[in-house]
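K.L.:
Sequence first, predicted model second:
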Amino acid sequence: MKFYEELQERENKTLTNKEYDLLKDEVKDAVPISLIIENRLGENKHLNPFRDDKNGGSWTYSDSKQIFYDFASGDRGNLYTFIRRYDGVNFKEAILRAAYEGAVISRETYLKNSKDPDTKHAPVHSDFVSRPRIKLLPKRADEIVDEIYTILKDYCGLSSKHRSDLMVKRFISPEDIVRAGYFTLKDVDVAGFIAELGKHGYNSIDLLGIPGFYLDNKEVKMAKIEGLAIPLYTPEGKICAIQVRRDNVGKDGSRYVFLSSSRFNMGCLVGTPTSTVRPKVRKRDDVFITEGQFKAIKLAEKFKAIAMTIQGVNSTKGLDVDLPKVISDLDHPRVLIALDADIYENPAVKNALLKLYSQVSTLVDCEIKFVVWDYQYGKGIDDMINNGHLMDLKLMDKDEFYKRLGVKIS
C-alpha cells in the first residue's frame, strides 16, 4: 500500500523517520500557513509576534508561497519556522502540530506521537479541520510525468502574446523558446486533452499522480490556472514540474506558482523541485545555481554551461540529489552561486545564503564561487546579461564574500 494511503488510514501509530519526512512535505503543500498563524495570533495577525511591532503594515504571509515575511526586519520563514519559534518546540513537534491543525492526521495520531501535547500553545482545532480529509496520491515516475506534460505542452501551444513577451521583454530567441518548452495555460479543455492522450496510449486514469490533476466524483479534473507555463527539468532532461507565471497576480500577490493539485482529494504533491538547464553546446564545466528558470536559461546559453534553479534560497531540498548527479558528469567542475543582487542586504536571506553555501560544500568536492555585481546594473543576473554588463560581474571565494557580507570567517 502506498504511503499516502497509509497516512490517511493511520490511527494511533508511532511514526517512523521516513514517515515524518514524507508528512513534512505533504503538510507544507496541503496546509495553508495562514491557518497556522491565525490560529495563534487571532486579531493580532497583522503584527509580527517576533519583535515589538505595534503598528503593523510590514508583516505579511502568503499561502501560495507558504512563507511569512517582515519587510521592516527581513525576518522570514515557513510554517514550521513559525511553529518552532512561536510555540517553542522542536522540528518533529512542529510537523505534528501543523499536520493535526490541517486535518492531515487524526487527533489520536497526534497524541500518540507528540512528546509535548499539553503545552500552552497546543494545536487549535479550527473550523478548517471540519472539511473532509483529503487523500493525496504519490507522484508518478519521472518518465510518465515527462510524457504527460510533453503532451500537455503540445496540446496547449504558446499564445502569440506570451511568445511576444518572451522575445521582446526577456530577449529570448525563438530557438530558445522552443528548447525551453514554454506554453500557455488558459481554459484548458480537459476532455479534449484526455482524447489527445488516447492517441499516445494513455487515458484519464493515467493523469492521477500527475501534479495539477485530481479526481472529483469519478471525473478527472485539472486545477484551474492561467498564465505562461514554464517546464522544470531533471538532470536527465525530463520535465518534472510546471511553474506558471500568472497573467494576473492572485489575491495573495504571488506571480509565480506551480501547477499543483495538492489541495484536492486524489490530487498530487509537487514538492520543491530543482531544475537543470543544459546549453545546446556545453563548453565549460561550471554549474550555476540561481533562482528562476528565466535566469537559468539565459546563463546556460550565454556561458555555455549548466545552470540549476532552486525555488528560493530556503527551498534547496532537491539539490541533495540533483547537484551530485550533474557534477559527476564533469571533468573539472566548479559551482557558481548567482542569486539576485538585493539578497545580500537582507539579514534573514543572508543567513539562508550562508546555509546554502554550507549545503553545497557538503554535496560536492570542488571549487565554489559567488557571482557578485552591483545592484545598479540589475537585480538578477539575466538583467546583467540583457543590459550588457557582463564585464561588471565578479567571482568571489568564501572568505572574500563573507567579508562583503560582514560575516566573521570561521
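P.N.:
That came through fine. Residues are numbered from 1 along each chain as shown.

K.L.:
what does the helix or strand that contains Ile230 contact?
P.N.:
Per DSSP states H and E, Ile230 falls inside strand 227-233. Strand 227-233 has contacts (CB atoms under 8 Å, 6 or more residues apart in numbering) with 149, 153, 156, 162, 165-166, 180-186, 239-247, 259, 273-277, 293-294, 309. Heads up, the C-betas are built off the backbone N, CA and C, glycines and all.

K.L.:
how far does stretch 374-391 sit from the chain's center?
P.N.:
When distances are taken as CA atoms, centre = their mean, to the nearest Å, stretch 374-391 is centred 25 Å away from the chain's centroid.

K.L.:
Contacts for it, please.
P.N.:
Contacts for stretch 374-391 (CB under 8 Å, 6+ apart): 170-171, 290, 292, 294-295, 298-299, 302, 338, 340-342, 371, 373, 392-393.

K.L.:
So what touches the helix or strand hosting Tyr155?
P.N.:
Using DSSP H and E, the element containing Tyr155 is helix 142-156. The contact list for helix 142-156, computed with CB under 8 Å, 6+ apart, reads 139-140, 181, 183-186, 188, 192-193, 196-197, 200, 202, 206-207, 209-211, 229, 231, 234, 236, 238-240, 242.

K.L.:
Make a ChimeraX selection of whichever of the residues you listed turn out to be buried.
P.N.:
Burial among the contacts of helix 142-156 is assessed by 16 or more other CB atoms under 10 Å; the matching ChimeraX selection reads:
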select :139,140,181,183,184,185,188,193,197,202,206,207,209,210,211,229,231,234,238,239,240,242
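
K.L.:
leaving aside the residues next to it on the chain, what's closest to Glu73?
P.N.:
Not quite, residue 73 is Ser, not Glu. Arg51 (5.9 Å; CB to CB, 6 or more residues apart in numbering).

K.L.:
Show only the entries of the contacts of strand 227-233 found in strands.
P.N.:
Mapping the contacts of strand 227-233 onto strands (DSSP state E) picks out 183-185, 239-246, 275-277, 309.

K.L.:
what are the bridge partners for Ile337, then?
P.N.:
Beta-bridge partners recorded for Ile337 (DSSP bridges): Ile289, Phe370.

K.L.:
residues near it, how many?
P.N.:
21 (other CB atoms under 10 Å).

K.L.:
Show me the domain layout of this structure.
P.N.:
3-133, 142-268, 275-405 (automatic domain parsing).

K.L.:
distance between the ends of the second one?
P.N.:
So the one you mean is domain 142-268. From its first residue to its last, domain 142-268 covers 14 Å (CA to CA, to the nearest Å).

K.L.:
Do I have it right that Ser262 meets Lys135?
P.N.:
No: here Ser262 does not reach Lys135: they are 11.5 Å apart, not a contact under CB atoms under 8 Å.

K.L.:
Within the helices and strands, which one has Ile368?
P.N.:
Residue-wise, Ile368 maps onto strand 367-372 under DSSP H and E.

K.L.:
Next, the buried residues of the helix or strand following that strand.
P.N.:
Sequence-wise, the next helix or strand downstream of strand 367-372 (DSSP H and E) is helix 381-386. Neighbour counts over helix 381-386 (16+ other CB under 10 Å) mark 381-386 as buried.

K.L.:
Please identify the pairing partners of the strand holding Ile230 and their relative orientation?
P.N.:
Under the criterion DSSP bridges, strand 227-233 sits next to strand 183-185 (antiparallel), strand 239-246 (antiparallel) in its sheet.

K.L.:
Centre of the chain to that strand, how far?
P.N.:
Chain-centre distance of strand 227-233: 13 Å, with CA atoms, centre = their mean.

K.L.:
Hey, what's the angle from that strand to helix 142-156? Just curious.
P.N.:
150 degrees (axes from the mean of the first three to the mean of the last three CA atoms, to 10 degrees).

K.L.:
Just the mean pLDDT for strand 227-233, thanks.
P.N.:
Across strand 227-233, the average pLDDT comes to 96.

K.L.:
where are the low-confidence patches of this protein?
P.N.:
By pLDDT under 70, the low-scoring segments of the chain are 1-13, 64, 118-134, 250-253, 314, 344-349, 407-410.

K.L.:
re the thing from before, which of the contacts of stretch 374-391 count as buried?
P.N.:
Here, 16+ other CB under 10 Å leaves 290, 292, 294-295, 298-299, 302, 338, 340-341, 371, 373, 393 buried among these.

K.L.:
list the contacts for Asp247?
P.N.:
Contacts of Asp247 by CB under 8 Å, 6+ apart are 186, 226-228.

K.L.:
would you turn those residues into JSON lines with distance to Ser361?
P.N.:
Shown next, in JSON lines, are those (distance: CB to CB, whole Å):
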{"residue": "Lys186", "distance to Ser361": "43"}
{"residue": "Glu226", "distance to Ser361": "41"}
{"residue": "Gly227", "distance to Ser361": "36"}
{"residue": "Leu228", "distance to Ser361": "35"}
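
K.L.:
Strands along the stretch 251-400 of the chain, start to end?
P.N.:
256-258, 267-268, 275-277, 286-291, 306-310, 334-337, 367-372, 394-396 (DSSP state E, counting those that start in this stretch).

K.L.:
Tell me the helices and strands packed up against the third one.
P.N.:
Packed against strand 275-277 by the contact rule (3 or more CB pairs under 8 Å, 6 or more residues apart in numbering; DSSP states H and E) you find strand 227-233, helix 293-303, strand 306-310.
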